[in-house]
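Student: need a structure here:
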Amino acid sequence: MEKGTRRAKQLVDIYSIGLKLHTLRVQKGLTLSRLAAETSLSTALLSKLETGHMIPTLTTLATICRVYGVGLGFFFAETKKHSMSITRSLVATRRGRTQETMKEFPLNAKADFPILAREVDFPPKHTETMAEVGKVFTGVIYVLEGSLQLESAGQKDVMEAGDCVCLNSDMLIFWGASGTTRCRALVVTQG
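Tutor: Predicted coordinates for the structure are as follows:
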């Protein structure tokens, strides 16, 4: 890859266009084949765009935007909030159980309480979006067991048991279990 092309990719990666494309498609309940039929673009091209192996042209992105009902600005909007602070610990405890989907267990009984505390349980190698596209996530995540991976703007952070992250961000963030063991985390957010 040429130096100029590499630099352009680095500049575009901060907008997480591929992750946003994938998230929108999943939220709309479309398969790659269905999106290809709606846009007259190939499934191979759409797959490369979603995985970040290709940078879309503005014409291609505008075609996809029409299907999703969003403007080009959705993909290039500057982040208004993004604050992340990770505290590392050497504490490590693991269990061998696995589950098929992420599960949440509320830890406070009152639904109208201003703070929501819950335990989140990720099966091995399971990843999903932390919040809806365009929504602000404000909260604290403490890893109880396993490894938790956070991914945003082309950057990946892996947190181990005992690590804690404080987040206040409107960026698209993916989270999930990293590796072959499940991950449990305590998550405290605004209610």
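
Student: ok now do F75, which residues does it touch?
Tutor: Y15, I17, K20, L61, C65 (Cβ atoms under 8 Å, 6 or more residues apart in numbering). Every C-beta, even on glycine, is put in place using the N, C-alpha and C of the backbone.

Student: helix or strand for G139, which one?
Tutor: strand 137-145 (DSSP states H and E).

Student: distance between the helix or strand just after that strand and the chain's centre?
Tutor: As assigned by DSSP H and E, the chain's next helix or strand after strand 137-145 is strand 147-152. Put simply, strand 147-152 sits 8 Å off its chain's centre (Cα atoms, centre = their mean, to the nearest Å).

Student: Flag every buried residue along strand 147-152.
Tutor: Of the residues in strand 147-152, S147, L148, Q149, L150, E151, S152 count as buried by neighbour count, 16 or more other Cβ atoms under 10 Å.

Student: Can you read off the pLDDT for P56?
Tutor: pLDDT recorded at P56 is 91.

Student: Save the buried residues of strand 147-152 as CSV, and put in distance to I141 and pLDDT too.
Tutor: Below are the buried residues of strand 147-152 laid out as CSV (distance: Cβ to Cβ, whole Å; pLDDT from 0 to 100):
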residue, distance to I141, pLDDT
S147, 13, 93
L148, 7, 94
Q149, 12, 92
L150, 8, 90
E151, 14, 86
S152, 13, 78
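
Student: Need those in TSV (columns: distance to S178).
Tutor: Below are the buried residues of strand 147-152 laid out as TSV (distance: Cβ to Cβ, whole Å):
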residue	distance to S178
S147	4
L148	7
Q149	4
L150	9
E151	10
S152	15
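
Student: pLDDT below threshold where in the chain?
Tutor: 1-2, 4-5, 11, 78-100, 105-113, 133, 153, 191 (pLDDT under 70).

Student: one more time with 80
Tutor: 1-15, 77-113, 131-134, 152-155, 191 (pLDDT under 80).

Student: got the residue ranges for the helices in it?
Tutor: 3-13, 17-28, 32-39, 43-50, 58-68, 73-76 (DSSP state H).

Student: Out of those helices, which is closest to V140?
Tutor: V140 sits nearest to helix 17-28 of all the helices of the chain, at 23.1 Å, using Cβ to Cβ.
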